[in-house]
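[1] return a 3D structure for these sequence lines:
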Amino acid sequence: MLAAETAGSGDPVVFLHAAICDRRMWQAQMRALSSSNKVIAYDRRGFGQTHSAPEDHSAVADLMAVMDALADGKPVILVGCSQGGRVALDAALLHSDRVRGLVLIAPTVPGAPDLAQPAAIQEAMATLKQAESARDLDRVNALKARLFLDGPLEPEGRVEGAARQLFLEMHAGVLRSPPTGPSVDHLPTYQRLNEIRAPSMVMWGCSDFPNIQARSQRVASMLANGSGHELTDTAHLPSLDRPDEVTDLLVTFIRRMAGNVAGAA
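    The predicted structure follows:
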């Protein structure tokens with residue numbers, strides 16, 4: 001069973017976490033939006049409080065099951081970061097009638113072209129690979145915080161306090177979670193982005209990996225009703241270290257969608 005939480009009432013918004021976090025990465029946004037919307041967040045298989053046997057599975061099918069149980073039969077706005085963005089995009093392609101809007105933060109997009117990394121990032125990734133090979137999980141956790149929370153070209157420790165502690169706690173759980181089995185979701189997502197008609201906003205942090213920034217900009221331009229927004233002073237996980245800015249952008253996007261619906265009625 002997928003661990004999930006809900007709050008509020010109204011048009012549903014579903015939050016999809018990154019593959020280095022769990023649903024707690026959305027705590028600030030859940031609190032803020034629950035005054036106007038029904039907000040839903042859940043842990044995918046192998047994350048947070050969701051534990052499952054190793055078996056073939058579909059993250060999109062799991063999302064649909066969550067929506068069946070919690071979204072009151074209404075189409076939803078999906079908010080996804082990184083791997084959560086991939087799930088959101090695939091859901092929009094496979095179930096367009098159930099997805100009324102997308103907010104994507106640095107989304108993973110299968111099939112997207114990649115760019116060569118600067119030498120400093122290549123060295124950092126090599127160090128990470130060594131730690132992973134040695135199964136030094138505490139070292140891996142610290143390096144992932146350095147790369148994805150601080151930003152690969154930013155000083156280590158740029159993000160401090162509660163945001164860093166929460167990331168380390170979430171990712172420690174990811175590292176120690178047993179295998180979940182292979183995914184059966186294999187869409188050529190990048191090649192089909194122009195099929196997605198739902199209003200969409202793509203965000204990226206100016207301190208994220210350069211290739212992720214470039215990919216996010218391409219996604220924003222390829223979506224039929226997409227827009228892009230660069231966030232300053234943040235890297236891959238702005239909901240943690242720039243929560244108010246992310247929340248404000250979400251609120252503006254949701255209100256704009258509500259206005260469009262009212263105008264069309």
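
[2] can you give me the strands in the stretch 1-150 of the chain?
    4-7, 12-16, 38-42, 76-81, 99-105 (DSSP state E, counting those that start in this stretch).

[3] out of those, flag the one nearest residue 163.
    The minimum distance between residue 163 and those falls on strand 76-81, with 14.0 Å, by Cβ to Cβ. Every residue, glycine included, has its C-beta placed from N, CA and C.

[4] average model confidence for stretch 192-208?
    For stretch 192-208, mean pLDDT is 98.

[5] how about residue 230, secondary structure?
    Following DSSP: H, G, I helix; E, B strand; the rest coil, the label given to residue 230 is strand.

[6] for it, grab the count of nearby residues.
    Neighbourhood size, residue 230 [other Cβ atoms under 10 Å]: 15.

[7] thinking it is in contact with residue 201, fair?
    No: the pair residue 230 / residue 201 is not scored as a contact, 11.8 Å apart, by Cβ atoms under 8 Å.

[8] closest to residue 127 out of the strands of the stretch 1-150 of the chain?
    strand 76-81 (24.2 Å).

[9] for the closest one, packing partners?
    Where contact means 3 or more Cβ pairs under 8 Å, 6 or more residues apart in numbering; DSSP states H and E, strand 76-81 is packed against strand 12-16, helix 83-94, strand 99-105, helix 243-264.

[10] domains for the protein, by residue range?
    Domain segmentation of the chain under the TED database yields 4-114+179-263, 119-176.

[11] which residues touch the most centrally placed residue in the chain?
    Computing the C-alpha centroid of the chain and ranking residues by Cα atoms, centre = their mean puts residue 81 first, at 1.4 Å. Applying Cβ atoms under 8 Å, 6 or more residues apart in numbering, we find residue 81 in contact with 16, 17, 18, 21, 25, 104, 105, 106, 107, 236, 237, 239.

[12] let's see that with 6 Å instead.
    Residue 81 makes contact with 18, 105, according to Cβ atoms under 6 Å, 6 or more residues apart in numbering.

[13] hey, which of the domains of the chain is tucked in deepest?
    domain 4-114+179-263 (a mean of 19; mean count of other Cβ atoms under 10 Å).

[14] low-confidence stretches in the chain?
    Judged against pLDDT under 70, the low-scoring parts of the chain cover residues 260-265.
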